[in-house]
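> Got a sequence here, can you model it:
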Amino acid sequence: MAEILIKNVAKKFETYQALSDINLTISDREFMVLLGASGCGKTTLLRIIAGLETATSGEVWIGGKRIDHLPPKDRGIAMVFQNYAVFPHMTVFENIGFGLRMQKQPEAVVQERVKRTASLMHIEQLLGRYSGELSGGQRQRVAVARALAMEPDVILMDEPLSNLDALLRLEMRAELKGVLAESETTAIYVTHDQVEAMSLADRISVMNRGEIVQAATPMEVYRNPAAEFVAGFIGNPPMNFVVADRAENHQWRVAGEHYSGPKSDEDQIHFAIRPEDVVIAETGLDARVRLVEPLGAHLHVTCDVGGRMFRAVLDSGLEVKAGDHLKLQPQLDRIRWFDKNTTKALEV
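Purely as a prediction, here's the structure:
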């Protein structure tokens, strides 16, 4: 069992608070993605779990055992770095087997694990080559194979695909998900790329300013964001926000329309809808088109709604041009509401 418990972990670098009271449970064999913008604390948290940084306070447990006082080599963890860290003077075989030989494993074990993990990563034909002869994608496969060969309880990955081009990233995402499911290893993956997070994760922990804002399945984070930050960070284009004014009987006036919403003591809250959840209709939000971007099957249309930028994803067969006035009707079950002051989601 490799369940991970992170209890009240904080990290302060002199006057800078990098992490604040992080609490997170990662189940055995779960693929957890830490998602957030640069500087949000996700890599610092990963390094604390690995033992490469020391927490200012808090505890880290793996498999029912507290490990934050142990050196990295005794934590049952393997790590894959952003820059691969593949040794240029070693062959692929020697790179994959490096950690095993540092552990003084018998040669038969080294041979078996290297060949098995190389086969998993589809690089068995490269075992005799040096890293200078490999492409970036091949070097990344070697780095993952080296980590898996150690048969760790937990594998940590710090933006491992960020140096690859778009097509290779797509290929490696599919490869990683399949390989890690087969290896039955608990995985924590750090990225700022929401597409990677949505496609890889069993659950996503969205981080901002050293805190976990929401930890949930990809679709829960997408459909039911717990805060405006999550709603604005996840999705491309991100969720739209429009000011809603109190009307009566829990009705809220939004850009010329009335919608049933949550109970609130505030005179104004935020109405939110994803760009793909609106259609052109006879009635709806008053919108003036500012920009139309044809993107194959869809049009990305940027409008002005209630004095705010508002994006809509519409069918490419529609005739829409800058300057047009539209009525955009949201799918009622997809509307979300947020407190204007706390920015947290409001229940209807």
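> Give me the residue ranges of the stretch 151-300 of the chain where confidence is low.
By pLDDT under 70, the stretch 151-300 of the chain contains no weakly predicted segment.
> And the helices in it?
Secondary structure of the stretch 151-300 of the chain, counting by DSSP state H, counting those that start in this stretch: helices at 166-183, 194-200, 218-223, 228-233.
> Out of these, indicate the one that is most buried.
helix 228-233 (a mean of 22; mean count of other C-beta atoms under 10 Å). (C-beta placed from N, C-alpha, C; glycine too.)
> That one: how far from the chain's middle?
The chain centroid and the centroid of helix 228-233 are separated by 13 Å under C-alpha atoms, centre = their mean, to the nearest Å.
> what does that helix rub up against?
If you take C-beta atoms under 8 Å, 6 or more residues apart in numbering as the criterion, helix 228-233 is touched by 35-37, 194, 206, 208, 213-214, 221, 225, 238-239, 241, 270, 272, 336, 338, 343-344.
> same deal with stretch 261-269?
The set of residues external to stretch 261-269 that reach it, using C-beta under 8 Å, 6+ apart, is 243-246, 250-252, 271, 335, 337-341, 346-348.
> Going through those residues, which ones are buried?
Neighbour-count burial (16 or more other C-beta atoms under 10 Å) applied to those gives Val243, Ala244, Trp252, Phe271, Ile335, Trp337, Phe338, Asp339, Lys340, Leu346.
> Tell me which residues touch the second one, please.
Going by C-beta under 8 Å, 6+ apart, Ala244 touches Trp252, Arg253, Val254, Tyr259, Gly261, Gln268, Ile269, His270, Phe271, Trp337.
> Ser222 against Ala201, yeah?
I think there's a mix-up here, since residue 222 is Tyr and not Ser. No: Tyr222 is beyond contact range of Ala201, at 11.3 Å (criterion: C-beta atoms under 8 Å).
> need the longest strand for this protein.
Longest strand in the chain by number of residues, with DSSP state E as the criterion: strand 278-295.
> Starting from that strand, tell me which strands it pairs with and how they run.
Strand pairing for strand 278-295, determined by DSSP bridges: strand 298-305 (antiparallel), strand 325-330 (antiparallel).
> Now render these as CSV, adding mean neighbour count and distance to Gly128.
Formatted as CSV, the strands paired with strand 278-295 follow (neighbours: other C-beta atoms under 10 Å; distance: least, C-beta to C-beta, whole Å):
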stretch, mean neighbour count, distance to Gly128
strand 298-305, 20, 47
strand 325-330, 19, 59
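> ok, now how distant is the most far-flung residue of the chain relative to its centre from Ser264?
Taking C-alpha atoms, centre = their mean, the residue of the chain most remote from its mean C-alpha position is Glu248, at 39.4 Å. Glu248 sits 13 Å away from Ser264, going by C-beta to C-beta, to the nearest Å.
> Report the contact partners of Thr186.
Thr186 touches Ala2, Glu3, Ile4, Ile26, Ser27, Asp28, Arg29, Glu30, Met32, Asp153, Val154, Ile155, counting by C-beta under 8 Å, 6+ apart.
> Please name the bridge partners of it.
Assigned bridge partners for Thr186, using DSSP bridges, are Val154.
> Just the buried residues of stretch 106-118, please?
Quick answer for stretch 106-118 (16+ other C-beta under 10 Å): Val110, Arg113, Val114, Lys115, Thr117, Ala118.
> Please report the distance of Asn23 from Asn208.
For Asn23 relative to Asn208 (C-beta to C-beta), the value is 15 Å.
> which of the two has more neighbours?
Ranked by neighbour count (other C-beta atoms under 10 Å), Asn23 and Asn208 place Asn208 first, with 19 against 12.
> what's the distance between the more buried one and Leu70?
30 Å.
> Pipe the strands paired with strand 278-295 into a markdown table and attach distance to Arg288 per row.
Output for the strands paired with strand 278-295, formatted as a markdown table (distance: least, C-beta to C-beta, whole Å):
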| stretch | distance to Arg288 |
| --- | --- |
| strand 298-305 | 5 |
| strand 325-330 | 6 |
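> These: which one's closest to Ile49?
For Ile49, the closest of those is strand 298-305, at 38.5 Å, according to C-beta to C-beta.
> Leaving out sequence neighbours, find the closest residue to His258.
Once flanking residues are discounted, His258 sits nearest to Gln251: 4.9 Å by C-beta to C-beta, 6 or more residues apart in numbering.
> cool, and Ile26?
Ile4 (4.1 Å).
> As JSON lines, the helices of the stretch 151-300 of the chain with distance to Arg308 would be great.
Listed next are these as JSON lines, based on distance: least, C-beta to C-beta, whole Å:
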{"stretch": "helix 166-183", "distance to Arg308": "31"}
{"stretch": "helix 194-200", "distance to Arg308": "22"}
{"stretch": "helix 218-223", "distance to Arg308": "21"}
{"stretch": "helix 228-233", "distance to Arg308": "12"}
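> Any idea how far apart the tips of stretch 214-230 sit?
For stretch 214-230, the first-to-last residue distance is 8 Å (C-alpha to C-alpha, to the nearest Å).
> pLDDT (mean, whole number) over the helix or strand where Lys11 lies?
Lys11 belongs to strand 4-13 when elements are defined using DSSP states H and E. The average pLDDT for strand 4-13 rounds to 97.
> and the following helix or strand past that strand, what does it pack onto?
Next along the chain after strand 4-13, taking DSSP H and E as the criterion, comes strand 16-26. In terms of contacts (3 or more C-beta pairs under 8 Å, 6 or more residues apart in numbering; DSSP states H and E), strand 16-26 is packed against strand 4-13, helix 42-50, strand 211-216.
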